[in-house]
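S.K.: coords please:
(chains A and B)
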Amino acid sequence: MPSKRAQKMDYVVRFVAGGLIVSAFAILGDVLRPKSFAGLFGAAPSIALATLTMAAFRQGNGYVSIEGRSMFLGAIALSLYCVVVCQLLMRFRFSAVTATGSSLFLWLVVALSFKQTLIG
Amino acid sequence: MIVHAKFSALGESRWYEYLVRFVLGGLTTVVAGVIADLYGPQLGGLFLAFPAIFCASATLIEKHERQRKKKRGVAGQRRGTDAAALDASGAALGGIGLAAFALAVWLLAPEYGLASLVIGSIAWILVSVTGWRLHQEIRHSR
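M.R.: Residues are numbered from 1 along each chain as shown, chains lettered A, B, ... in the order given. The predicted model follows:
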C-alpha cells in the first residue's frame, strides 16, 4: 500500500502527463484538415497512454490488460456517443455544448451496461 | 480529399483555451486513476475512453467557426454546428480505432508490457485512418 505522500505524487504526475498528452493530440486536431480527419484525434488514446504507462510500472502488466479489456467496451460506447452527438447537431441543430453534454449520460449508461453484461 | 496541416489555425485559439484542455486532460486522467484505485481496473478501464476531451474540442471548433464567419460579416451559427458535426463524425471513426488500441493492450499487455501501448497506438492510427478513408470513398461514390 503506497503512503499518502506517494499517492499524492502519483496523482500530480498523472495530472501533468495526462494534460500534456491530451494537449499534444488537441493541437494535432487543431491544425489538421479536413475537419472530419482532425476529428479522429478527438478519440485519441491520450488519457489511456498516460494512465496505462504508469499502471505498467506500478501495478504490472496483468492490471494493464484488465484496464485494456474494459477500455475496449468504453471505446465502443464512445463511438456510439459520437454518432448520437453528430445526429443531434445535424438533424436537431443542437449547440455543441448541449449535444456533447446531454449525451454524456448515454455514454455512461452504455459503457456500464456493456461492462455489467460482458465482464460482470 | 487531401489531408494537410493548417498551422494558422493555432492562432485562432486563445491561451486560456489551451490551458482549459490541459487542465481537463489532467483532471480526467486523475479521475480515471482514482476510480481504478477505488473500484478496481474493470471499472477504471472504462473511463480511459471517457469523452471529456471530445466535448471540449467540439465546443471550441463550433466557437472558432462561428467567429471566423462573424469576422466576414456572415451569420456563422449554422456553419459552426456543421463543423462540430464533422468533428463528431471523425471522432466516431476514431472511437473504433480506440477500440483497436484497447484490444491490442488487452491481448498483448500480459506478454509484451509497455510495447503493447506502442502496438496499440499503431493499431489506433491504422484503423482510424482506414475507417476515415473508407467513409470518404463511400460518401463520394453516392
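
S.K.: what's the neighbour count on residue 116?
M.R.: Let's take chain A. Burial measure for A:Q116: 10 neighbouring residues, criterion other Cβ atoms under 10 Å in any protein chain shown. All C-beta spots, glycine's among them, are computed from the backbone N, C-alpha and C.

S.K.: um, chain B though
M.R.: 25.

S.K.: try the one 10 residues further on
M.R.: Counted by other Cβ under 10 Å, the residues lying close to B:L126 total 12.

S.K.: which SS class is it?
M.R.: Here B:L126 is recorded as helix under DSSP: H, G, I helix; E, B strand; the rest coil.

S.K.: Around A:K4, count how many other residues there are.
M.R.: Neighbours of A:K4 (other Cβ under 10 Å): 8.

S.K.: Next: the one 3 residues further on.
M.R.: Around A:Q7 there are 14 other residues, counting by other Cβ under 10 Å.

S.K.: For the host helix or strand of it, which helices and strands make contact with it?
M.R.: According to DSSP states H and E, A:Q7 maps onto helix A:4-31. Taking 3 or more Cβ pairs under 8 Å, 6 or more residues apart in numbering or on different chains; DSSP states H and E as contact, the helices and strands that helix A:4-31 lies on are helix A:35-38, helix A:46-58, helix B:15-39, helix B:52-71.

S.K.: from the middle of its chain, how far away would the second one be?
M.R.: What that stands for is helix A:46-58. How far helix A:46-58 lies from its chain's middle: 13 Å, per Cα atoms, centre = their mean, to the nearest Å.

S.K.: and the direction of that helix versus that of helix B:52-71, what angle?
M.R.: Interaxial angle, helix A:46-58 versus helix B:52-71 (axes from the mean of the first three to the mean of the last three Cα atoms, to 10 degrees): 150 degrees.

S.K.: counting contacts, what elements does helix A:46-58 pack onto?
M.R.: helix A:4-31, helix A:61-90, helix B:15-39, helix B:77-112, helix B:115-141.

S.K.: Could you say which one of those helices comes nearest to B:A9?
M.R.: helix A:4-31 (5.2 Å; Cβ to Cβ).
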